Structure formats: C-alpha cells, structure tokens
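Novice: Below is the sequence, then the predicted model.
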Amino acid sequence: MDVDVHHDLAAVEELFPYLDAHWRDYVVERGLPGFDTNYYPQASPMSVRPDLLRPDGPPPATDPATVAADVLDRTGSSTAILNCLYGVQPMQNEYLAAALSSALNDWQRERWLAVDPRLRASIVVPTQNAELAAREIDRTAADGAFVQVLMFVRDRMQLGKRFFWPIYEAAERHGLPIAVHPFGSFNHPNTPAGWASTYIEEYVAQAQLFHAQVVSIVCQGVLARFPELRFVLLESGASWLPPLMWRFDKDWKGLRHDTPWVDRAPSDLIRRHFRLATAPLDVEGPDGLLRLIDQLGSDEMLLYSSDYPHHHHDPGVGSVLGLPDDLRQKVLSGNARALYPLDRGGHR
Ligand code: ZN
C-alpha cells in the first residue's frame, strides 16, 4: 500500500464543472492561469522521475489510468492514497480557498476515485478557516474513498494551536488521520532561522518544520483532547525523529509543569499518535532501516510510500524489501491497513 502519491490538474479548467458561477467567473475574468505552486520546480531533478517525462503525452501525474498503472500495476501495490498539492493553502482569500477545496474534492471523486477503486484520496481543506475546513470534512467524508485529511507543515501558525482544533475534531469524528505534507503557506520564512536562499536549503529545512510541529501538537494538548486522532508525516524523512524523542523526554522531565495535560513521556505519545511515510528514506539499506525502527522503539510507525512522481534518489523500496518478512509486511502494508479506514470501501 502506497500512502503518498501525487496527482495533478492538466489545467485549471478541469475544476470548472465543480465551481459555482461566481468562482468560475472569478478565475476567468481575472485571467488566472491556475493555482499551481512552486513546491517542486519543474526543472528540478527531484520534481519528476525522468521516466515519467513523456514529451508527447500529458504532463506527469495528470492522467488517472497512467498513474494507476504506474503506482499500482507496475509495483503490485493494492491501494494508493492520492495527496493533492494544488495551491489552496497559500492563498489569502479563505472563501476562494474553500470553494477550490470543495471543487478539488469533487474533481478527485469523479475524475480519479471513480476510475479505479484501488485509489483513495486525502480531503483537501482550506486551513485558512478551520470552521470552513471542518465543514468540508463533514461534506466529503461520507464517501469511503476519502481516508485522510491533508494539511501542510508550513501553515499560518503551529499546528498544535486551538485555531486548528475544529479540523481535528471533525477528522476524529470521521475516524480519519491527519496527513502533514512538506510545504504549505508562505506566511513565514521557510526555515526557522529566516528565509533560505536556495531550494536545497528550503527542502532540507522541512525536517526542522516537522520537528516544530510534532512538539507543538504534543505540547498544546491536541493528543489529550483528541485521543483517537492520528497524524501521518508524509515526505518528512524519519531519521530526525528518534533524537527529538530522546531530547523531548529529557526536557519534559524538568519542564512538564508547563503542560500538565502531557501526562506521559512525549515519546510514548509520539509512538501512539504519529506515523511516517518512507519516501524519501534518509537511512541507508535494510540495516539502516532496522536501526531506525529500533531507535523509534516501534515497528508500527513506518508506512511505505513512493512519493510518485517525485524523485528522491533515495534507497527507497529496496531497503524495505530487504527487511525480515514480518517487518517488511508491516511497513509495506500492515501498518497502513491498521491505520486507515479502508473497510469503508472505495468510491461508491
Ligand atoms: Zn509527497
């Protein structure tokens, strides 16, 4: 099971059947070319696997049948979760963001999930307004093919803040995990130390942002208030987490009076509530992966992902396939199946 697959619009016009007249006119009259972001610059070697660049074909990841063939048929994966990175969250107009979120979810349902029952998707939400986001979760979650809510590691504030709790309440109510993916809004510098100059600096710094968000979610009491909620850190790497867990536990022992609702060691909460996708894998080979699982203190946290169509030049699936049988099965499938509400069925 592949928990991080990206799909894309070939053109903003694909959303027009799902936007009401006002927002369709808004896009057309202003001549807006679409809402693509520059999270993955087109010419960057990381953005698209070279074999997916088809000069005479559609842009990568825009054709459902091709994506299903690439991520399911060719790999033997039985299920893939689509995570839409269209630029909803960076925009300042929360009403446009809400309209686009609804349109994207309807587009996902009709153009992708209906095409192949092996595809699942994350719900796109306008995190600019948590009330509207929760409403979108309630509207969309009835379709069993939506198995998760998608958020981003850079938002307007830390993800533990009560501002976002209506989103968490809705997700928990529907039994859906919250995915946290790199990038997001541009309201703050792209590193905690200030603005980076280059793409590599920004991409490396994503791990620092994940670090800050895990601490925020634990310390602000999200996990005490929503005990059934789970977070899936996508495309975050994983090697940074064991040192954070160690340091967090150590400092919690001395500073826990700040957060009396954190009633157990942070590492225990992290093991229970957080999962991590494997791409890009930032450890080397099966031995490195075994060491990482040992350091995490849990064999239930890692979920296989390809991050299609991105290209990380990492050891990837080869390291997972080299694990002992029981661990391999957990990472490739068992851990994800224990997490996601797949028994609600695919699109119907
Ligand atoms: Zn990704």
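Specialist: Perfect, I can see it now. Numbering: from 1, shown residues only.

Novice: If you rank every helix and strand of the chain by mean pLDDT, what lands last?
Specialist: helix 317-321 (a mean of 87; mean pLDDT, DSSP states H and E).

Novice: Show me the contact partners of it.
Specialist: Applying CB atoms under 8 Å, 6 or more residues apart in numbering, the external contacts of helix 317-321 come out as 75, 278, 281, 283-286, 288-289, 304, 306, 328, 331-332. For the C-beta atoms, the positions are set from N, CA and C on the backbone; glycine is no exception.

Novice: Now for the residue in the stretch 151-300 of the chain that the ion sits nearest to, which secondary structure element holds it?
Specialist: Ranked by CB to the ion, the top residue of the stretch 151-300 of the chain for proximity to the ion is E235, at 3.8 Å. Assigned by DSSP states H and E, E235 belongs to no helix or strand.

Novice: Just want to check the distance between it and L150.
Specialist: According to CB to CB, to the nearest Å, E235 and L150 sit 12 Å apart.

Novice: same deal with L19?
Specialist: Noted for L19: a distance of 20 Å to L150, by CB to CB.

Novice: Give me the more crowded residue out of the two.
Specialist: Neighbours were counted for L19 and for L150 using other CB atoms under 10 Å; L150 has more, 25 against 20.

Novice: before we move on, what SS does that one have?
Specialist: At L150, secondary structure determined by DSSP: H, G, I helix; E, B strand; the rest coil is strand.

Novice: Now for E235 and L150: what residues contact both?
Specialist: Here E235 and L150 have H181 as joint contacts, going by CB under 8 Å, 6+ apart.

Novice: Please report phi then psi for P286.
Specialist: Here is the backbone geometry of P286 (degrees, to the nearest 10): phi -60, psi -40.

Novice: Skip the chain neighbours and tell me the closest residue to it.
Specialist: Nearest residue to P286 in three dimensions, chain neighbours excluded: G322, at 3.1 Å (CB to CB, 6 or more residues apart in numbering).

Novice: need the contact list for that neighbour.
Specialist: By CB under 8 Å, 6+ apart, the residues touching G322 are G285, P286, L289, R328.

Novice: for the helix or strand encompassing R139, packing partners?
Specialist: R139 belongs to helix 130-140 when assigned by DSSP H and E. On a contact count with 3 or more CB pairs under 8 Å, 6 or more residues apart in numbering; DSSP states H and E, helix 130-140 meets helix 94-107, strand 119-124, helix 165-173.

Novice: run the last query once more with 10 Å
Specialist: Helix 130-140 is packed against helix 94-107, strand 119-124, strand 146-154, helix 165-173, with contacts defined by 3 or more CB pairs under 10 Å, 6 or more residues apart in numbering; DSSP states H and E.

Novice: got these as CSV, with mean pLDDT and distance to the ion columns?
Specialist: As requested, those are exported to CSV (pLDDT from 0 to 100; distance: least, CB to the ion, whole Å):
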stretch, mean pLDDT, distance to the ion
helix 94-107, 98, 16
strand 119-124, 98, 11
strand 146-154, 97, 10
helix 165-173, 98, 19
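
Novice: Make CSV from the ones you listed and add distance to L229 to it.
Specialist: Listed next are the helices and strands packed on helix 130-140 as CSV, based on distance: least, CB to CB, whole Å:
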stretch, distance to L229
helix 94-107, 20
strand 119-124, 15
strand 146-154, 10
helix 165-173, 5
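
Novice: which one of these lies closest to P227?
Specialist: Closest approach to P227 among those is made by helix 165-173 (8.4 Å; CB to CB).
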